[in-house]
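Asks: The following comprises the amino acid sequence and a computationally predicted model.
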Amino acid sequence: MHRLLLLAVLFLCLPDAWAAPPADKPFAEEKVVLQISDEASGKQTLVLNVASNLLKHYGPDRVAVEIVAFGPGLRLLLAENANAGRLRALADAGVGFSACQNTVAAFTQQLGHPPALNPLAQPVPAGVVRILELKNSGYTLIKP
Amino acid sequence: MRTTNIMLGGLLLLLGAPAQGANWLMLQGTEPADAADRAYVWGFIQVDYQKDYSDPNSAGAYVPPKLLGPNLTTQEGFNVSRARLGVRGAGFPLDNKVNYFLLTEFGNNGITAADGPRITDASITLNHLPGARLRAGLFKTPGPEEALQAIHVFDYVNFSTVTNQLMLERVPNARYTSNVPEVTLPVSSDSGLNQFDRSVAAFRDVGLQVFDTFNLGDWEHTYAIMVGNGNGLNFSDNDSQKDVYAYLSTAKVYGSSGPMRNDLKLFVWQHRGRRLLDNTDDAVYNPRYFDREREGLGFKYRRDAFRLSAEYMRGKGMIFVGPDKPTFDQNGAQPAADGADGEASGWYVEGGWRMPGSNWELDLRHDVYHRLEDDPGPPAGPNAGRSFESVWTTWTAGAQYYFNRKTRFTFNYAFRSVESPDWPDDVGPNDNMNGIDDVAALQLTHIF
């Protein structure tokens, strides 16, 4: 049992482990990573709209979508963000959300405490690294 | 105060989970959490052409209700009635629970006529306390819908009479101002009829407001309590008195968001304050305090192509009855009623219908205003006991054409009828009121 647990942890630590298509998207024909790194509030709406449109066009089972937030764009994944309802709906359709820990560290420095993240946000060491990993595994990068 | 207590008591029953709602208090006083710009620049321009068809009095002269404001020099013309530029946003990332709202006015209207361009809104909102947001600075007071709503989405060119005369406060001059007689046209320059040395209050005040919105299922409940200077757009106070504003609303939300949200909103509000006024023509500065009380209730229903709303308002003290100060009646040659201690009430009902498959909207409004209600009239003389109460009745037919969501053309035709029922035709106040006639208005609005 402990060995299995250890293997699982090791697997999760492999660089390409997260880059593989999500397990619940075995029939995904397209894989898209959406980058949000801007402060402008309109970008939040735009990124979420693009994700919705991709799901609508291909169908939730036929497309894998992950939104990677870093820099000022991390605001999208803060716990009290006004778009939290839309994030939940997209997550229910299989969209993933990655939160850059470098940015979280920068926010922590400015705020004096760690920012409260949306529970849907999956922490990643660096947003740009996460994007490169996804690109290397066949994802198409779109920066709305 | 008793009504305020009842409103607060009702509020306690409505407390629920805090939520981001879409209503005027929230739209103007808050920003979407973590989704607002640091500095969002916006504004709008309104250009209008109006023609007043009123006739002069028996002496061939005109009074302000027959002339176009704020300059009161003509019955016909173009005007850049509003040109506002503002910026709003929220702190990021230092503290996203703080947001601000700044708006300036460069158009020609009651705000700018006295002092030129000026700041109409400058406020900071602290969203740290659940259920008790704090907004401080200069901003719209919680009150009647027609006043509280954003003017650039207002469906008519001019306010209803009750809102214009009862709620749009003309801040009194510091010292007694002599009556200005009516004018004959054409006027060579500024007629001087608009003798105010400060801008209208523009439904705003400087102070501190506690407010928030709570959602219970499809219902959204909002409250606001504000304490202000009671000195309009002026940044500082002119006396030691403070105004208190209370507001309570509940809305059944059908969907969408923003100013055009589909909902049924019921609301009630109350204002209490005092004003310092020198209304004695004795060349001595001897002002005294007068109560200024206002209260009202109403509803607004909007669902897709249909809109229907109505409001009732009443007031006591500081009733505006003339062009240059609250105690001047329309005809300086006649015995003048004093609005400083007067009473008034009024209401309107209006509706709109967006024509399916087109960019046109049709609007219709009916409003009635009873000015100087229960006025006892002169105590002696030939007109003893004749009330100076006047009744203002207006039907406004309107049409709007939307070039796009932010650019529209508004056409209004107002059928106006005014009389002082206690006086014979063409006698006393009716010498001026009988000639008050229709107004046609065209307005182009663009929001950017």
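Replies: Thanks, I have it.

Asks: how much space between the spatially closest residue to residue A:29 that is not a sequence neighbour and residue A:140?
Replies: Excluding its sequence neighbours, the residue lying closest to residue A:29 (CB to CB, 6 or more residues apart in numbering or on different chains) is residue A:62, at 5.1 Å. All C-beta atoms are positioned from the backbone trio N, CA, C, and that covers glycine. Using CB to CB, to the nearest Å, residue A:62 is found at 14 Å from residue A:140.

Asks: between these two, who's got more neighbours?
Replies: Under the neighbour definition other CB atoms under 10 Å in any protein chain shown, residue A:62 and residue A:140 were set side by side, and residue A:62 has more, 14 against 11.

Asks: Name the nearest residue to the residue of chain A found nearest chain B, sequence neighbours excluded.
Replies: With CB to the nearest CB, the shortest gap between chain A and chain B falls at residue A:82, namely 3.5 Å. Sequence neighbours aside, residue B:32 is the residue nearest to residue A:82 in space, at 3.5 Å (criterion: CB to CB, 6+ apart).

Asks: Can you tell me the SS state at that neighbour?
Replies: Each residue gets one of three states, and residue B:32 gets coil by DSSP: H, G, I helix; E, B strand; the rest coil.

Asks: Hmm, residue A:80 and it touching each other?
Replies: No: Residue B:32 is not in contact with residue A:80 according to CB atoms under 8 Å; the separation is 9.8 Å.

Asks: tell me the helices in chain B, going along the chain?
Replies: B:2-14, B:24-29, B:145-148, B:161-162, B:430-433 (DSSP state H).

Asks: Distance-wise, check residue B:400 relative to residue B:27.
Replies: On the measure of CB to CB, residue B:400 and residue B:27 end up 21 Å apart.

Asks: quick one on the thing from earlier: pick out the shakiest of the helices of chain B, pLDDT-wise.
Replies: Here the helices of chain B differ in mean pLDDT, and the lowest is helix B:2-14 at a mean of 38.

Asks: On the strand side of things, show who the closest residue to residue B:155 other than its chain neighbours bridges to.
Replies: In space, and not counting its chain neighbours, residue B:155 is closest to residue B:363: 5.2 Å by CB to CB, 6+ apart. Judged by DSSP bridges, the bridge partners of residue B:363 are residue B:352, residue B:398.

Asks: Ok, residue B:126 next?
Replies: residue B:98, residue B:134.

Asks: quick one: pLDDT of it?
Replies: Model confidence at residue B:126 (pLDDT) stands at 97.

Asks: ok, now which ones touch it?
Replies: Listed by CB atoms under 8 Å, 6 or more residues apart in numbering or on different chains, the contact partners of residue B:126 are B:97-98, B:133-136.

Asks: who in chain A is up against chain B?
Replies: Counting by CB under 8 Å from any CB of the partner chain, chain A comes close to chain B at A:39-41, A:44-45, A:72, A:75-76, A:78, A:80-83, A:107, A:110-111, A:115.

Asks: now do 10 Å
Replies: Selection of chain A residues close to chain B by CB under 10 Å from any CB of the partner chain yields A:39-45, A:72, A:74-84, A:103, A:106-107, A:110-112, A:115, A:118.

Asks: The residue nearest the centre of chain A is in what secondary structure piece?
Replies: Per CA atoms, centre = their mean, the C-alpha nearest to the average position across chain A is that of residue A:97, at 2.4 Å. Secondary structure from DSSP states H and E places residue A:97 in strand A:96-100.

Asks: same for that strand, what does it pack against?
Replies: strand A:30-36, strand A:63-69, helix A:84-92, strand A:121-124, helix A:127-136 (3 or more CB pairs under 10 Å, 6 or more residues apart in numbering or on different chains; DSSP states H and E).

Asks: Partner strands of it and their direction?
Replies: strand A:63-69 (parallel), strand A:121-124 (parallel).

Asks: residues in contact with the closest residue to residue B:23 other than its chain neighbours?
Replies: Using CB to CB, 6+ apart and skipping residues adjacent in sequence, the residue nearest residue B:23 is residue B:222, 5.6 Å away. Contacts for residue B:222 (CB atoms under 10 Å, 6 or more residues apart in numbering or on different chains) come out as B:11, B:14, B:21, B:23-26, B:142, B:211-214, B:247-251, B:265, B:267.

Asks: in the stretch 51-200 of chain B, what spans have low per-residue confidence?
Replies: In the predicted model of the stretch 51-200 of chain B, residues B:93-94, B:179, B:188-191 satisfy pLDDT under 70.

Asks: still on that earlier bit, please put the alpha-carbon coordinates of the strand holding residue A:97 into PDB.
Replies: The C-alpha trace of strand A:96-100 is given here as PDB (Å, rounded to 0.1, in the frame of the first residue of the first chain):
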ATOM      1  CA  GLY A  96      -8.700  23.000 -15.500                       C
ATOM      2  CA  PHE A  97      -7.300  26.100 -13.700                       C
ATOM      3  CA  SER A  98      -3.600  26.500 -12.900                       C
ATOM      4  CA  ALA A  99      -2.400  29.200 -10.500                       C
ATOM      5  CA  CYS A 100       1.200  30.300 -10.700                       C
END
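
Asks: Residue B:32 and residue A:80: which has the busier surroundings?
Replies: Comparing residue B:32 with residue A:80 by other CB under 10 Å, the one with more neighbours is residue B:32, at 20 against 17.

Asks: What's the separation between that one and residue A:78?
Replies: From residue B:32 to residue A:78 the distance is 12 Å (CB to CB).

Asks: Please enumerate the shared neighbours of the two.
Replies: Common neighbours of residue B:32 and residue A:78 (CB under 10 Å, 6+ apart) are residue B:96.

Asks: Tell me how far the residue nearest to residue B:23 lies from chain A.
Replies: From residue B:222 across to chain A, the span is 17 Å (CB to the nearest CB, to the nearest Å).

Asks: Over to residue B:205?
Replies: 29 Å.

Asks: surely that residue meets residue B:136?
Replies: No: Residue B:205 is not in contact with residue B:136 according to CB atoms under 10 Å; the separation is 11.6 Å.

Asks: Tell me which of the two has more neighbours.
Replies: Per other CB under 10 Å, whichever of residue B:205 and residue B:136 has more neighbours is residue B:205, with 27 against 14.

Asks: contacting residues around the residue lying closest to the more buried one once chain neighbours are set aside?
Replies: Nearest residue to residue B:205, sequence neighbours excluded (CB to CB, 6+ apart): residue B:228, at 3.5 Å. By CB under 10 Å, 6+ apart, the contact list for residue B:228 reads B:138-139, B:141, B:204-209, B:237, B:242-245, B:271, B:273.
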